[in-house]
Structures are given as C-alpha cells and as structure tokens.
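>>> Predicted model and sequence follow; I will ask about them next.
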Amino acid sequence: GQSLEQPSEVTAVEGAIVQINCTYQTSGFYGLSWYQQHDGGAPTFLSYNALDGLEETGRFSSFLSRSDSYGYLLLQELQMKDSASYFCAGLYTGFQKLVFGTGTRLLVSP
Amino acid sequence: EADIYQTPRYLVIGTGKKITLECSQTMGHDKMYWYQQDPGMELHLIHYSYGVNSTEKGDLSSESTVSRIRTEHFPLTLESARPSHTSQYLCASSGRSEAFFGQGTRLTVV
C-alpha cells in the first residue's frame, strides 16, 4: 500500500515560520494535498500540488519535489489559531485513492 | 460551504449489533471516502468509491462494507459491531483534488 510519513510534533512561537515535511511512496502517485484539523473538528483542505514547485495561498505555501518523493507545508506569520494537526495526503491510482499521512501536531506558543 | 452530511453524529451500541453509518453529499462528486480516526491520530482509509457501483477497500483491514447505488449516497455498514470498532468515522467527497469532510460519526461499542 501507500504510506506518507510526517514528524509527529512541531513547536513554534507566534510570528515565526514553520515547515512541516512529508515523504511519500511513489508507486501510483499523482499529487500531494495538505489538510488542517483542529481538535474535535473535521479536516479542511489547505492546498494541492500536482507539479513540482511552490504553491502559495496567503500565509500558507506548499512545495513538492517528485524526484525526492518529498513535500512540505510552510506556515508564515504563525498565529495561535494555527495550533492544530496538519496532514499531507497523497492522491494515488488515477486520482481515485486519497491516503493521509501520519500527521503533525503544531503547537504555537505566545 | 461544503454540503456533505453524516448521521448519526454519535452512536452507542451493543456488541454484535448491525449498524449503518450514513453519508450524503450534494456536490455531485464522483469520489467518496470513509476514514477511521482515533483522537489525535492519523486517518486510516477504510473504503473508497470513484463512481456508482465502483467501490474499493482501503488500506485498513475492516469488517465493514459499503455500497454506492447513487452518486450522492455512500453508507458504511458494520455487520457485527465489536468494542474494537469504537472510533470516529469520517466521510469525505472529492471532485478532483480537494476533499470535503462531513462532521463525523463518533461510534462507541459497549
């Protein structure tokens, strides 16, 4: 099967920049998405990379390198409300199968 | 605003009972997914569908079944509930790259 690995926890202070990494298995891989999930809530979509390079959406940016089987989510100007779990998700098998990574818990302190 | 609904939100049921978790979406999405998630943990793909009468098992071994008779409806059935099935079940639908999630069903089997 497909698997995606992330660091379990990242800590940072308000106003800082943090990068959350994701490595994935390449067999059948089509693209990489990122989702945010607050405690008790459902995951919400942040970004999607189909091609290599950087995608920017406000304070969040996402990067994909197919040659390295690697991607990351970059969060700038961190706010307390950014404290949440972040998941990368790989789209596999003809855009049909969406597999989530192990998840990274981000803790933002004052 | 995402239009994907799950019922019930909470369910407590005895061991051995048959249960069906409902999921409906009004966005006309071909792809739908069921995930199992314990608090603070990753999302495990149980089943997915890429259209009417087209379903596949995910990577998590499960004693559940699904059906996709209509585009908008993707129910998950447990034939005989066990305490090990206690978890949150999340349904999602997707057009191409962005997945929208329901609010989840929190299942407790006693």
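Cool, the structure landed.

>>> Can you name the residues that contact residue 50?
Let's take chain A. A:Tyr30, A:Gly31, B:Ser97 (Cβ atoms under 8 Å, 6 or more residues apart in numbering or on different chains). Every C-beta, even on glycine, is put in place using the N, C-alpha and C of the backbone.

>>> The intended chain is chain B.
A:Gly94, A:Gln96, B:Asp30, B:Lys31, B:Glu56.

>>> and with 7 Å instead?
A:Gln96, B:Asp30, B:Lys31 (Cβ atoms under 7 Å, 6 or more residues apart in numbering or on different chains).

>>> Now tabulate these in JSON lines and tack on distance to B:Asp38, pLDDT and neighbour count.
Shown next, in JSON lines, are these (distance: Cβ to Cβ, whole Å; pLDDT from 0 to 100; neighbours: other Cβ atoms under 10 Å in any protein chain shown):
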{"residue": "A:Gln96", "distance to B:Asp38": "25", "pLDDT": "84", "neighbour count": "19"}
{"residue": "B:Asp30", "distance to B:Asp38": "29", "pLDDT": "95", "neighbour count": "17"}
{"residue": "B:Lys31", "distance to B:Asp38": "24", "pLDDT": "96", "neighbour count": "21"}
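
>>> Among the residues you listed, which lie within strands?
B:Lys31 (DSSP state E).

>>> can you list the contacts of B:Tyr50 in a markdown table and add distance to A:Arg66?
Shown next, in a markdown table, are the contacts of B:Tyr50 (distance: Cβ to Cβ, whole Å):
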| residue | distance to A:Arg66 |
| --- | --- |
| A:Gln96 | 19 |
| B:Asp30 | 25 |
| B:Lys31 | 22 |
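
>>> for the contacts of B:Tyr50, which one is nearest B:Gly14?
B:Lys31 (33.7 Å; Cβ to Cβ).

>>> give me the beta-bridge partners of the closest residue to the closest one other than its chain neighbours?
Excluding its sequence neighbours, the residue lying closest to B:Lys31 (Cβ to Cβ, 6 or more residues apart in numbering or on different chains) is B:Ser94, at 4.4 Å. With DSSP bridges applied, B:Ser94 shows beta-bridge pairing to B:Lys31, B:Ala99.

>>> Go ahead and confirm B:Ser94 touches B:His29.
Yes - taking Cβ atoms under 7 Å as the definition, B:Ser94 is a contact partner of B:His29 at 5.7 Å.

>>> tell me, how many neighbours does residue 29 end up with?
Reading this off chain A. 17 (other Cβ atoms under 10 Å in any protein chain shown).

>>> please go with chain B instead
Using other Cβ under 10 Å, the number of residues around B:His29 comes to 22.

>>> Name the nearest residue to it, ignoring sequence neighbours.
In space, B:His29 is closest to B:Ser93, 4.0 Å off (Cβ to Cβ, 6+ apart).
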